[in-house]
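**Student:** Fold the following.
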Amino acid sequence: MIGKVCFFSPQGWGYLRPDADLPDIYFHRTGVLDSLRRRLVPDLTVEFEVAERQGKPIAVNVRIPSGAPEVKGASDNGTR
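**Tutor:** Below you'll find the model as predicted:
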């Protein structure tokens, strides 16, 4: 599934807004690929799967969509 980051908290959780007409989906940093964790910003387009945890949907395997251009600041956390 493709969507955008709506919100990402310093505590390591947030919400994704799917491109499909679906409600926002919760995610936790443990479901995000390591290389993307420090680059989660609002409106960043991501790809993810939806799993169920404790009876509720949660986004897992959150990553940059294959074939997408490199995210600015990918190697330096945007500190140039």
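
**Student:** Roughly how far does residue 66 sit from residue 47?
**Tutor:** Counting by Cβ to Cβ, to the nearest Å, the gap from residue 66 to residue 47 is 7 Å. Just so you know, the C-beta spots here come from the backbone N, C-alpha and C atoms, and that holds for glycine as well.

**Student:** between the two, which one's more packed in?
**Tutor:** A count of neighbours by other Cβ atoms under 10 Å puts residue 47 above the other of residue 66 and residue 47, at 16 against 6.

**Student:** Now residue 14: closest residue in space that isn't a chain neighbour?
**Tutor:** residue 8 (3.7 Å; Cβ to Cβ, 6 or more residues apart in numbering).

**Student:** Which pLDDT value goes with the one you found?
**Tutor:** Looking at residue 8, its pLDDT is 94.

**Student:** and it, what does it touch?
**Tutor:** For residue 8, the contacting residues are 14, 40, 41, 42, by Cβ atoms under 8 Å, 6 or more residues apart in numbering.

**Student:** how about a cut-off of 10 Å?
**Tutor:** Counting by Cβ atoms under 10 Å, 6 or more residues apart in numbering, residue 8 makes contact with 14, 15, 16, 27, 29, 32, 37, 39, 40, 41, 42, 44.
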